[in-house]
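S.K.: coords below, sequence missing:
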């Protein structure tokens, strides 16, 4: 299962980097949610999710991205704080909120790419 949940965006041919990263983020969050009873597996999935968010933030162009880049950076910061809060104990409600955010980000990236 871990090979399928890789956070490497290069492994998704034909998808823009952000869209592939959001898919990877969703998968890592889903794995953390499904494996909530296995603390080590959950922490590993949460660490992958955080690494993806860090990379997404690093790819933002704050100088030319304007307000959108600033808002995304704030959102990524919020998501990282939530992930850190879940390291100690599983929190289904927080996880569902993060999953909803990840889905929304992916859908927005897909609409932005086509629309």
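M.R.: Received, thanks. Here the structure is a predicted model, which means the values were calculated and not measured.

S.K.: touching, residue 31 and residue 46? I think so.
M.R.: No. Counting by Cβ atoms under 8 Å, residue 46 is not a contact partner of residue 31; they are 9.1 Å apart. Just so you know, the C-beta spots here come from the backbone N, C-alpha and C atoms, and that holds for glycine as well.

S.K.: which stretches in this protein count as strands?
M.R.: With strands called from DSSP state E, the chain shows none.

S.K.: for it, which segments count as helices?
M.R.: Taking DSSP state H, the helices of the chain run over residues 17-34, 39-58, 66-85, 92-114.

S.K.: buried ones in the shortest one, by neighbour count?
M.R.: Put plainly, it is helix 17-34. Residues 18-33 are the ones in helix 17-34 that count as buried (16 or more other Cβ atoms under 10 Å).

S.K.: which residues touch the spatially closest residue to residue 77 that is not a sequence neighbour?
M.R.: Nearest residue to residue 77 in three dimensions, chain neighbours excluded: residue 57, at 7.7 Å (Cβ to Cβ, 6 or more residues apart in numbering). Going by Cβ atoms under 8 Å, 6 or more residues apart in numbering, residue 57 touches 72, 73, 76, 77.
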